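output the structure for:
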Amino acid sequence: MQGVLSGFAVIAVVIGVGYVLGRRGTLGEQGGEVLTRLAFTVAGPALLFTTLAKADLTLLFSSRLLVTALSTGAVAGVFVAVGTVRHWGVGRTTIGALCAGYVNSGNLGIPIAAYVLGDASLVAPVLLFQVVLVTPVALTILDLSGAGEKGTVWQRLLTPLRNPIAVGSLSGVVVSAAGLRLPGPLLNPLTLIGNMSVPAALLVFGMALHGSTAPGRGRDRHPVLLAVALKSLGQPAVAWVLAAPLFGLHGAPLLDVVVTSALPAAQNLFTYASRYRVAESLARESVLLSTVVSVPVLVGVAAVLG
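From the prediction side, this is the model:
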């Protein structure tokens, strides 16, 4: 209980600061866009590189992570199927699918894992899975659905190598796989820059809330409600069904996978939507609503399985 509330309290404060900045116009009309570019092109890649460069890649191969991957694929697949039938477009459907299955494993998942599960490292496999596989694939789709769509076949194949987030992630994986230890003079500046990523994303999110309509009531009402339902209820339910009967997980391992699956959509999804100028309201409203709904869901999961 304490971990859930502590994690949400930290996020709420920073988002609140961002809202005040947006309301008062402190950073000017282009402040949000500048912070978005900073988080996407500089701070985010630095954070992912330093995180993955020191990560144990063997964590990617476990039954717990397989449950998470399958539950993510299931809910994202449902959203993609509905988006295809309803003709929501590639970019909009991609952002919605991310909102349905991409959990906040960083700034919210770590404190919750530490206080609720008793071990912050338990969220590491989910973090690795998302930044190594999900993020590069999703951003490549967004690239190809936009300006990159007009390029040559060779340019399309090299799309992931032109994306800062994908480059930062893949570079970190290469360093970790090679067993390299980066010297302090190289790693410390990157760590310092990477530390700007999460607060920048939260501030941008808070700034975007100023002047926005109530979530779940605008033109993106149906995609938002579908994404939130899949993220907050569908994904933890699928994880529970997969973990217990199929993989035989019980006790603490079962609690681990269900809690991580019940985490809300990550705030950096709004950063991606803003960067590509697609489905921004869908991302903003889905993150906000899933964060609110996840509080009772996480408390309930911890009470039942804990």
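
and the residue nearest to residue 187 when sequence neighbours are not counted, what element?
Using CB to CB, 6 or more residues apart in numbering and skipping the chain neighbours, the partner closest in space to residue 187 is residue 50 (6.4 Å). Any C-beta I mention is one placed from the backbone N, CA and C, and that applies to glycine too. Assessed by DSSP states H and E, residue 50 sits inside helix 44-53.

and the contacts of that helix?
127-128, 131-132, 164-165, 167-169, 171-173, 175-176, 180, 182, 187, 190-191, 193-195, 197-198, 201, 268, 271 (CB atoms under 8 Å, 6 or more residues apart in numbering).

buried residues in the helix or strand just after that helix?
Where DSSP H and E defines the elements, the next helix or strand beyond helix 44-53 is helix 63-85. Residues of helix 63-85 classed as buried: 64-69, 71-72, 74-76, 78-80, 82-83 (neighbour count, 16 or more other CB atoms under 10 Å).

cool, stretch 134-145 as well?
Buried residues in stretch 134-145, counting neighbours by 16+ other CB under 10 Å, are found at 134, 135, 136, 138, 139, 140, 141, 142, 143, 145.

the residue nearest to residue 278 when sequence neighbours are not counted sits in which helix or strand?
Distances taken as CB to CB, 6+ apart place residue 91 nearest to residue 278, at 3.7 Å, with adjacent residues excluded. Assigned by DSSP H and E, residue 91 belongs to helix 90-101.

and that helix, how far from the chain's centre?
Centroid displacement of helix 90-101 relative to its chain, using CA atoms, centre = their mean, to the nearest Å, is 11 Å.

could you do stretch 22-30 as well?
Its chain's C-alpha centre and that of stretch 22-30 lie 26 Å apart, by CA atoms, centre = their mean.

name the residues that touch it?
With CB under 8 Å, 6+ apart as the test, stretch 22-30 has contacts from 20, 21, 31, 32, 34, 35, 206, 207, 208, 209, 210, 211.

circling back: I'd say the residue nearest to residue 278 and residue 282 touch.
No. If you go by CB atoms under 8 Å, residue 91 and residue 282 don't touch, sitting 9.9 Å apart.

okay, those two: which has more neighbours?
residue 282 (27 against 18; other CB atoms under 10 Å).

can you tell me, leaving aside adjacent residues, what's nearest to residue 69?
Once flanking residues are discounted, residue 69 sits nearest to residue 129: 5.9 Å by CB to CB, 6+ apart.

buried ones in the strand or helix carrying that neighbour, by neighbour count?
If you go by DSSP H and E, residue 129 is part of helix 124-129. Neighbour-count burial for helix 124-129 flags 124, 125, 126, 127, 128, 129 (criterion: 16+ other CB under 10 Å).

on that earlier part again, pLDDT of the helix holding residue 91, averaged?
The predicted model assigns helix 90-101 a mean pLDDT of 95.

ditto for stretch 123-130
The pLDDT scores in stretch 123-130 average 79.

what are the contacting residues of that stretch?
Stretch 123-130 has contacts (CB under 8 Å, 6+ apart) with 51-52, 55-57, 59-60, 62, 64-65, 68-69, 72, 102-103, 105-106, 109-110, 112-113, 260, 266.

now the buried members of the residues you listed.
51-52, 55, 59-60, 64-65, 68-69, 72, 102-103, 105-106, 109-110, 112-113, 260, 266.

hmm, who's touching the helix or strand where residue 199 lies?
Assigned by DSSP H and E, residue 199 belongs to helix 197-209. Outside helix 197-209, the residues that touch it by CB under 8 Å, 6+ apart are 11, 14-22, 27, 31-32, 35-36, 38-39, 43-44, 46-47, 106-107, 267-268, 270-271, 274, 280, 284, 287-288.

so where's the stretch 151-300 of the chain shaky on pLDDT?
151-162, 211-217 (pLDDT under 70).

so which residues of it form helices?
Assigned by DSSP state H, counting those that start in this stretch, the helices in the stretch 151-300 of the chain fall at 153-157, 164-177, 184-194, 197-209, 221-229, 235-241, 252-261, 268-276, 280-305.

and of those helices, who's closest to residue 96?
Among the helices of the stretch 151-300 of the chain, the nearest to residue 96 by CB to CB is helix 221-229 (4.9 Å).

tell me the angle of that closest one relative to helix 268-276?
140 degrees (axes from the mean of the first three to the mean of the last three CA atoms, to 10 degrees).

got the phi and psi for the residue nearest the centre of the chain?
Centroid check for the chain by CA atoms, centre = their mean gives residue 266 as the closest residue, at 3.5 Å. When read as degrees, to the nearest 10, the backbone of residue 266 gives phi -80, psi 140.

since that was my last question, I'll sign off now.
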